[in-house]
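In: Mind folding the following:
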Amino acid sequence: MIYSCKLKRVAFYAYHGLYAEEQILGATFYVSIAVTKYAADTINYSSLEQLYNYEHLFAIAQKHMKQTQPLIETIAKNIFDEVLKTMQADEIMVELIKPNPAGLFGSGEAVITLRK
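Out: Below you'll find the predicted structure:
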């Protein structure tokens, strides 16, 4: 059995970007995090202590989204590293989405994904 807990496209308003305008005006970013455990047959699915807590994942994302960075890669890596450090997982995925970066594209998204 495989057990996975995910946050999917949680919106954060933040001030990340290389350009001064981005750090003044801010924008909406989306964060997804997934943690997975293989051989999850022995987990007590009635005990939060044995499960992944999505509130903990949210708190990690929120903490790092509040810390303005010029590169979204830095934020994704910081989130990834904290999840790795604080949760016993066989697989971790962090995805950070920046819609229409700096208004340069007119549409679309920049997406950074880190996976273990």
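In: In PDB, list the C-alpha atoms belonging to the lowest-mean-pLDDT helix or strand in the chain.
Out: Least confident helix or strand of the chain, by mean pLDDT, DSSP states H and E, is helix 20-25 with a mean of 90. Extracted in PDB, the C-alpha atoms of helix 20-25 (Å, rounded to 0.1, in the frame of the first residue of the first chain):
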ATOM      1  CA  ALA A  20      11.700  45.800  -8.300                       C
ATOM      2  CA  GLU A  21       8.200  46.100  -9.500                       C
ATOM      3  CA  GLU A  22       7.400  42.500  -8.600                       C
ATOM      4  CA  GLN A  23       8.700  43.000  -5.100                       C
ATOM      5  CA  ILE A  24       6.500  46.100  -4.700                       C
ATOM      6  CA  LEU A  25       3.300  45.000  -6.300                       C
END
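In: For it, buried residues please.
Out: E22 (16 or more other Cβ atoms under 10 Å). Any C-beta I mention is one placed from the backbone N, CA and C, and that applies to glycine too.
In: Can you name the next helix or strand after the helix or strand hosting H56?
Out: Per DSSP states H and E, H56 falls inside helix 54-65. Going down the chain from helix 54-65, the next helix or strand is helix 72-86, by DSSP H and E.
In: And for that next one, what's in contact with it?
Out: For helix 72-86, the surrounding residues in contact (Cβ atoms under 8 Å, 6 or more residues apart in numbering) are 16, 29, 31, 33, 35, 56-57, 60-61, 63-65, 67, 69, 89, 92, 94-96, 98, 110, 112-114, 116.
In: the inter-axis angle of that helix versus helix 54-65?
Out: Angle, helix 72-86 to helix 54-65, by axes from the mean of the first three to the mean of the last three Cα atoms, to 10 degrees: 140 degrees.
In: Can you select the buried ones from the contacts of helix 72-86 in PyMOL?
Out: This is the PyMOL syntax for the buried subset of these, where burial follows 16+ other Cβ under 10 Å:
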select buried, resi 16+29+31+33+35+56+57+60+61+64+65+69+89+92+94+95+96+98+110+112+114
